[in-house]
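In: Requesting a structural model of the entry that follows:
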Amino acid sequence: MSFLRLAEWKDILFRRLWRKSLDPFLGRYPVEVFFPEDVSVVGEIESDGIVRVEGNFRGNLQCPVAVLASSSWVTAEVQAQCLYIEGRCRGIFRVEMLYLAPRGDVEGEVHTETLYIEDGARMRGRLCVGGHKESEQGREVSTTGS
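Out: Below is the predicted model of the structure:
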C-alpha cells in the first residue's frame with residue numbers, strides 16, 4: 001500500500017513542478033523517510049534522501065527534498081533544498097525552492113531562493129525571497145490565492 005502512495009506522489013510532483021528543476025533532485029535522492037497518514041512523530045529528522053509526511057510531525061527536519069502531503073500537519077523548523085507543501089504547516093523554513101500547492105497552508109517564517117505559489121494556497125508570516133540566510137531581512141506577508 002505504501003509503495004502505491006509513493007508512486008502517486010512522485011507522479012504528482014512531475015506533473016506540477018518544473019521538470020527541469022526537480023529531475024536532478026528526484027534522480028539523486030531516494031525516498032528514505034515516509035510517515036503515513038495515521039502516524040505522528042515528534043523529534044529531529046536528518047536524512048540524505050526525500051522525506052514524505054502524510055501524518056503529523058513536530059520538530060526539526062533537514063533533508064534535500066521534503067514533501068508535506070495534503071493530509072499532513074507539520075510544526076517544524078525545516079532546512080531543505082526543495083520543499084513541496086500540500087498540507088498545513090507552521091514554523092521556520094529555510095529552503096532553496098518552495099512550492100506551495102493549491103491547498104497548501106503555511107504560517108511562519110520562510111527564507112527561499114525560489115517561490116512558486118499556486119492559486120488557492122495560503123501563506124502568513126515573514127517572507128524573504130532571494131536568499132535564505134538568517135541575516136537577510138524578510139517582509140511581513142499574508143496571501144491567499146483565489
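In: and Val78, how many residues sit next to it?
Out: Neighbour count for Val78, taken as other Cβ atoms under 10 Å: 26. C-beta: built from backbone N, CA, C; applies to glycine.
In: Show me what it is bridged to.
Out: Beta bridges link Val78 to Leu61, Phe93 when assigned by DSSP bridges.
In: any idea how far Val106 is from it?
Out: Val78 is 10 Å from Val106, where distance means Cβ to Cβ, to the nearest Å.
In: and what of Pro36?
Out: 22 Å.
In: show me where this protein has strands.
Out: For the chain, the strands defined by DSSP state E occupy 31-35, 40-46, 50-53, 56-68, 73-85, 88-100, 105-117, 122-129, 139-144.
In: Tell me which residues touch Glu109, please.
Out: Counting by Cβ atoms under 8 Å, 6 or more residues apart in numbering, Glu109 touches 91-93, 125-126, 138.
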